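Visitor: Give me a model of this one.
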Amino acid sequence: MIRVLHTIETHGPGGAESVILTIASKLDHYNFESFGFFIKNGWIVDNFKRKNIQVRVSQNKYYLDVPLLKDLIMYIIKHKINIIHSHEFTMSFYSTLVAKITNIKCVTTIHGNKDYIMEKMTRKLIMKFIAYNSYIVTVSNELKNWLHKTIKIPENKIKLIFNGVDTKKFNNDESKKLLYKKSLCDELKITDKSIIISNVARLYEVKGHKYLIDAASLVLKKYPDVHFMIAGDGPEKHKIQKMIKERKISKNFHLLGERSDIPKILSASDIYVLSSLSEGLSLSILEAMACGLPIIATDVGENSKLIFKNENGYLVPPQNPIALANKIKYLIKNKEKRKNFGIKSRTIVEKKFNQDIMVNKYAELYKKLSY
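Guide: Numbering: from 1, shown residues only. Now for the predicted structure:
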């Protein structure tokens with residue numbers, strides 16, 4: 001049995017960590033055995049353990065240090081790892097180096113887009129280094145082209161694998177939607193007749209929440225009974241709370257924090273909104289689509305590959321709360337549009353973005369590395 005080690009520097013929950021967990025937990029169907037190596041405890045470690053996947057949390061305090069490198073090498077030797085699959089940047093640097101030292105194969109998946117990479121020059125340097133991997137996987141065509149043309153990574157070393165969603169976990173079961181909505185509304189002490197507009201994202205500046213808040217302020221002037229919800233936590237929390245308070249919309253704008261019941265929150269929602277300034281292939285949009293929701297999102301990253309005007313939602317320019325508010329108001333007053341868009345969203349995910357397609361493509365890549 002081929003042994004695959006999965007590693008990332010972040011602890012989740014987030015899109016990248018969800019993808020890793022999905023891949024790792026499904027590989028046994030393809031005669032692969034999964035292991036995990038992480039540098040901090042958190043969501044991904046807890047879920048690896050819950051799935052009975054062997055996991056190591058390094059006790060070293062810093063990202064860039066020799067003890068961490070030694071720890072990773074010893075873990076690979078001890079468990080006779082055949083392939084390292086790293087994600088994002090810091091651990092990809094380590095994994096590439098360790099793969100050379102231990103003479104095993106290494107593949108890296110980059111989940112963001114080119115703007116995300118270029119935030120820091122160190123990331124670009126890391127990309128140059130991990131070009132020595134057997135393969136680099138991207139989740140978007142935009143990033144694939146950029147890596148080839150700008151970073152000069154050979155095109156035959158770059159693989160495009162779209163993110164995939166568990167369509168059983170994230171579903172549009174009408175019989176449960178009303179129950180989930182009543183439960184969420186009872187929790188927040190609001191009427192279950194309210195239209196709920198949701199967003200699932202870490203509270204980072206790149207997610208553009210300040211524009212969503214400004215859009216909500218405009219929407220609520222016309223539709224005061226609508227409720228907005230963000231599920232997620234992060235460093236921008238206090239700034240976002242302050243903005244909500246300053247705009248006097250606290251009764252209608254709810255910060256749910258980090259949640260373990262995202263499928264239920266999405267099922268309870270009527271519209272999904274993403275206000276990001278940049279994206280790769282948004283897993284949160286795919287999850288909302290799988291739950292049968294109409295989508296309004298900024299025209300960044302690969303969002304245009306997921307959202308089709310007058311089919312399942314609308315795209316708006318980033319950093320434009322007026323455009324965002326106008327599309328939200330349009331869907332609020334058009335119930336039939338919301339329903340039809342939601343049906344189309346679900347169909348798109350089932351055909352192109354379900355997790356079985358994604359896992360199968362990763363398994364094929366591992367098999368190619370094993371020969």
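
Visitor: Return the distance of Tyr211 relative to Asn303.
Guide: From Tyr211 over to Asn303 the distance is 15 Å, taken as CB to CB, to the nearest Å. In this view, the C-beta of every residue, glycine as well, is placed from N, C-alpha and C.

Visitor: Please apply the same query to Gly36.
Guide: Using CB to CB, one gets 30 Å for the distance from Gly36 to Asn303.

Visitor: For Ile230, what is the enclosing helix or strand?
Guide: Assigned by DSSP states H and E, Ile230 falls within strand 227-231.

Visitor: That strand: what's the following helix or strand?
Guide: Following strand 227-231 in sequence, per DSSP H and E, is helix 237-246.

Visitor: Just the buried residues of that following helix, please?
Guide: By neighbour count on 16 or more other CB atoms under 10 Å, the buried set for helix 237-246 is Ile240, Met243, Ile244.

Visitor: Also stretch 154-166?
Guide: By 16+ other CB under 10 Å, the buried positions in stretch 154-166 come out as Ile158, Lys159, Ile161, Phe162, Asn163, Gly164, Val165, Asp166.

Visitor: for the residues you listed, which one is nearest Glu350?
Guide: Val165 (9.3 Å; CB to CB).

Visitor: hang on, isn't the closest one packed against Ile357?
Guide: No - between Val165 and Ile357 there is no contact under CB atoms under 8 Å: 10.0 Å.

Visitor: so where's the longest helix in this protein?
Guide: Under DSSP state H, the helix in the chain containing the largest number of residues is helix 335-352.

Visitor: Mind checking the pLDDT average for the helix or strand that it is followed by?
Guide: For helix 335-352, the following helix or strand on the C-terminal side (DSSP H and E) is helix 355-370. In this model, helix 355-370 carries a mean pLDDT of 93.

Visitor: and helix 355-370 with helix 335-352, angle?
Guide: 20 degrees (axes from the mean of the first three to the mean of the last three CA atoms, to 10 degrees).

Visitor: buried residues in helix 355-370?
Guide: Those would be Gln355, Met358, Val359, Lys361, Tyr362, Ala363, Leu365, Tyr366, Leu369, for helix 355-370 by 16+ other CB under 10 Å.

Visitor: The first one: what's it in contact with?
Guide: It refers to Gln355. For Gln355, the contact set (CB atoms under 8 Å, 6 or more residues apart in numbering) comprises Thr22, Lys26, Gly164, Val165, Asp166, Thr167.

Visitor: One more pass at 10 Å, please.
Guide: 18-19, 22-23, 25-26, 163-170, 286, 290, 349 (CB atoms under 10 Å, 6 or more residues apart in numbering).

Visitor: Show me how to select, in ChimeraX, the buried members of those residues.
Guide: Per 16+ other CB under 10 Å, the buried members of the contacts of Gln355 correspond to this ChimeraX selection:
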select :18,19,22,23,25,26,163,164,165,166,167,170,286,290,349
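
Visitor: Now Tyr135: phi and psi?
Guide: phi -150, psi 150 (degrees, to the nearest 10).

Visitor: Could you list everything it pairs with in the sheet?
Guide: Tyr135 forms beta bridges with Val107, as assigned by DSSP bridges.

Visitor: Run a quick neighbour tally on Leu220.
Guide: Leu220 is flanked by 20 other residues according to other CB atoms under 10 Å.

Visitor: quick one on the thing from earlier: for the buried residues of helix 237-246, which one is nearest Leu179?
Guide: Nearest member of the buried residues of helix 237-246 to Leu179, counting by CB to CB, is Ile244, at 28.2 Å.
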